Structure formats: C-alpha cells, structure tokens
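Colleague: After the sequence you'll find the predicted model.
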Amino acid sequence: MKITIVGSGYVGLVTGACFSEVGIDVICVDIDQDKIDNLNKGIIPIYEPGLEEMIVRNMKKGRLKFTTNISQSVKESEIVFISVGTPPDEDGSADLKYVVAVARDCGKYMKDYTLVITKSTVPVGTSIKVKNAIQEELDKRKETIDFDVASNPEFLKEGAAIDDFLKPDRIVVGIESEKAEELLKQLYKPFVLNGHPIIFMDIVSAEMTKYAANSMLATKISFINDIANLCELVGADINKVRKGIGSDARIGNKFIYPGIGYGGSCFPKDVQALIRTAGEYNYDLQVLKAVEAVNKAQKSVLFNKIMSFYGGDVKGKTVTLWGLSFKPHTDDMREAPSLEIVSKLLKEGANIKAYDPVAMEEAKHHFGDTISYFNDPYEALIDSNCLAILTEWPEFRIPNFNVIKKLLKTPAIFDGRNIYDKEELKEKGFNYFCIGVDTSNNVVKH
C-alpha cells in the first residue's frame, strides 16, 4: 500500500513517520521547497521527542519520502491524507482554503480509485466541500473516476504524539462506503493488534467528535482553574480538592491540574471554531463561551500575583521565567500563556530573563530582543528579583533551591504550574505563590 500525506507540519510528519514505521510506503508532500529540502537532509522543522530519529530511520529504508510534486504523488497513491493547516479567521471559524486546494489537486491528478481523507481538524460539513471540489476537477477533465472521502481526526498530544499514534486509545473514522471502510481497516491493522478500537461512524459525526473531544478537555481545564481561584478566596487547597474529585471515576484525574491556562494549536482554535459552528445554526454554546472567557482571564493570574507582591509597580524589576512553550516536551508557543505574561510585564516596565529547554528559538520569533535568553536556568536567575514557572518541564521539578535563593535578590517564586510544595518552600525561606492555594503567609519581605 502506498499513501500520500499532503502537509508536512506537525500532524503530517507524525502521521507519515508512524505509518512508515509499520512498513507502509509514504510520500509526504508540501509546497514549501525549503522545508522539503531540509526534511530530505534529516532536518525536522518541529520538536517532538523521537520524531527525528523515526523519520531518518524510515527515509534510509526507503519507506518515507518528501517531495513538492503533488501530481505524481496523487497518481501513485490509493489513499491521500489532507493534513494542511486550518488557521482561524478573525471570527473564529476555520479557514479551509488549503484543505479545498488539496482536494482540487486530488481531482486534477488522480488516475484510479482514490480515498481522500481529511486528517486536518475541520468543521462539520467540510467533507461535502472536499467531495465537491474533487468532483468539479474531474468534471473539468471529463473523467469518471471512482473516489471516496473520509474523516480521520487526529488525537495526538504534543510531546507524546508518536506513542499516541502507535498505541492509540481509539481511532475515529468517518466513512460513507464499505470500500473506504475496508481500506482503512487494512491501513490501521498494525495499530489495533493490541485491542485498540477503530470506531467507524458517519463523516459528520467524526468531524464533530474531534471538536467535541478538545472542547471537553478545555472545559475540564477551565473548570479546575475557576475552582482554583475560588479555593484561594475561601482558604481551600486546590491540590487536595483535585485529588478528592479526581478519584471519582466519573470525573477522572486527567486535565484537572490547575495552572495559568491552556494554549497550543488545538484547544483555543477548536473551541472557537465549535462556538462559531453553533452560531451558524443559531445555537449559543454558553458553556464553551464561559470556558474561553475563563481561560483568557487565567492567563493573567500569575501576572496579577507578581504585580500584587510588588505593590503594583514592577518597573525596573527583573523577572526570570522558566518555561516558554505552552506545555512540556514541545517548542510550540501558539497561544502559550507566556505570550500574555511577557507582554504584560514588559508593558509595566519589567525586565525579562528567560530559559526554556527547547522553545527559545521559537520564542525569538515572538519576543525578538525585548527579553534576554539564557542557555542555563540558573544563570538566568543572577540578579533577578523573582522566578516565575510558566511551563512544567521535568528539569524544573527538583531544582537546587539553595542556589535559587542565593542567586535571586529576593527569594520569591511564582509557580504557575503548582510543581512545588508550599510548606517546603516556606521552610526554606521563600515567598511562594501558586495557583489555587492561599500562600499569603509570606516569610520574607521584598
């Protein structure tokens, strides 16, 4: 079996690499010649643990190829995945121009039966636009070629994408023919040998499943952050509350960790897109609107704590940030809380020092030279007034607090991810602030 994946971004590269890993011949197509040239040299445009090694390994075995030649790729393949970007418009709706463009290319170049699958996150009803675009191009060619469309949304977590793909919780597929179903059973057979289910459904339901899943996870995050803020006011400890509710099997313990808001390429965009879709049907998704509002406000919580600690004036203060990416194990900074926090601190006249294990090059695209970058987390603390934790990278979990205290002008830590213990920090003489816990009993004055 030979497949083509159009779009060599995050989803396209992970999908292509993992299919090739199980022996399938994969062609990855992208219009960016520089990206393709770099990929053919083994230079990967994103950071994802294990991805570079997998790509290089399968390129050497001849199972994974990269090209800009979409016409030849479509002609050679029985299955074409559309994995291009669907950036949000100003009104929150997904821009489908790239998806439709690939569909048109499929209609222009297919020679025999082709199954065209949307892997990109697309709004409900996109399959109709894809099918119409393919058929229009076939009509222009005056060709009668059988084809199917399908929806196969991805559920990959950045930082754990390869494991998610190779050992999925479930594979969701929207189809409209038995032929498409049989092809997809064959394609995904290596990934369901251990009992992971393929859930077949109609295409519209598959498209909705992706948005509903991400919106549910975003809802859990905003809910726990809202409860965390209330905990601080009433004197409860969100860490204890989280354990108490997480032990309930109906709720579960995932995605109920308090913090400074969700970011990334999926949750913000997908919540907005689903709200927009509901609006097109004159339905008001009140819960998701609240989820979005809570998340937006949550990104300012740590900034507000810093401002409060310094009496509302941080002009001339130096704040060191550990972590810039929206989550650990990725260099992705799309919608990251750090963007909001840095912007607000700079506006108030603070100086920013920053360290992130992998995201600093990406950060320079956002911040330029407005902040200072360091290759060592402790070096970034020298002569700083305080430390703020924005991303829960593993290397931050057990730092040398004695060194931190020695390097900071004032022993103050603002923990946006609740990775430290307040009693331990109090014992060590730190002013410690986290999310959802009353830490007003400071031990040191600034």
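Modeller: Okay, I see it. Treat the numbers as computed from the prediction; the structure is a model and nothing was measured.
Colleague: any idea which residue of the protein is furthest from its center?
Modeller: Most distant from the centre of the chain: Lys142, at 42.0 Å, with distances by Cα atoms, centre = their mean.
Colleague: who are the neighbours in contact with the nearest residue to Lys344 once chain neighbours are set aside?
Modeller: Nearest residue to Lys344 in three dimensions, chain neighbours excluded: Phe303, at 4.7 Å (Cβ to Cβ, 6 or more residues apart in numbering). All C-beta spots, glycine's among them, are computed from the backbone N, C-alpha and C. By Cβ atoms under 8 Å, 6 or more residues apart in numbering, the contact set of Phe303 is 340-341, 344-345.
Colleague: Just the C-alphas of the helix or strand hosting Phe303, formatted as PDB.
Modeller: Using DSSP states H and E, Phe303 sits within helix 301-309. Provided in PDB are the C-alpha atoms of helix 301-309 (Å, rounded to 0.1, in the frame of the first residue of the first chain):
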ATOM      1  CA  VAL A 301      -3.500  35.300  37.100                       C
ATOM      2  CA  LEU A 302       0.300  34.800  37.600                       C
ATOM      3  CA  PHE A 303       1.000  38.400  36.300                       C
ATOM      4  CA  ASN A 304      -1.500  39.700  38.900                       C
ATOM      5  CA  LYS A 305       0.200  37.800  41.700                       C
ATOM      6  CA  ILE A 306       3.600  39.300  40.700                       C
ATOM      7  CA  MET A 307       2.100  42.800  40.500                       C
ATOM      8  CA  SER A 308       0.400  42.400  43.900                       C
ATOM      9  CA  PHE A 309       3.700  41.200  45.500                       C
END
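Colleague: following that helix, which helix or strand comes up?
Modeller: Taking DSSP H and E, what comes next after helix 301-309 is strand 318-322.
Colleague: now the residue nearest the centre of the chain, what's its secondary structure?
Modeller: When Cα atoms, centre = their mean is applied to the chain, the residue found nearest the centroid is Gly264 (3.9 Å). Classification of Gly264 by DSSP: H, G, I helix; E, B strand; the rest coil places it in coil.
Colleague: And the strands in the stretch 51-200 of the chain, which stretches?
Modeller: 64-67, 79-82, 114-118, 147-151, 171-174, 198-201 (DSSP state E, counting those that start in this stretch).
Colleague: So which of the ones you listed is nearest Lys327?
Modeller: Among the strands of the stretch 51-200 of the chain, the nearest to Lys327 by Cβ to Cβ is strand 171-174 (22.8 Å).
Colleague: Can you check the pLDDT for the residue nearest to Lys344?
Modeller: Predicted confidence (pLDDT) for Phe303: 98.
Colleague: do you know how far it is from Ile260?
Modeller: Look at Phe303 and Ile260: by Cβ to Cβ, to the nearest Å, they are 9 Å apart.
Colleague: Give me the common contacts of these two.
Modeller: Contacts common to Phe303 and Ile260, judged by Cβ under 8 Å, 6+ apart, are Ile341.
Colleague: Now for the protein, the helix or strand with the poorest mean pLDDT.
Modeller: helix 267-280 (a mean of 91; mean pLDDT, DSSP states H and E).
Colleague: Could you pull out the buried residues of the following helix or strand past that helix?
Modeller: As assigned by DSSP H and E, the chain's next helix or strand after helix 267-280 is helix 286-298. Neighbour-count burial for helix 286-298, with 16 or more other Cβ atoms under 10 Å as criterion, is recorded at 288, 291-292, 294-295, 298.
Colleague: Show me which pair in these is furthest apart.
Modeller: So, these by Cβ to Cβ: farthest apart are Leu288 and Gln298, at 15.3 Å.
Colleague: Check the spacing between the closest residue to the residue nearest to the centre of the chain other than its chain neighbours and Thr121 real quick.
Modeller: Closest residue to Gly264 apart from its sequence neighbours, by Cβ to Cβ, 6+ apart: Phe326 at 4.7 Å. Note on Phe326: its distance to Thr121, by Cβ to Cβ, is 17 Å.
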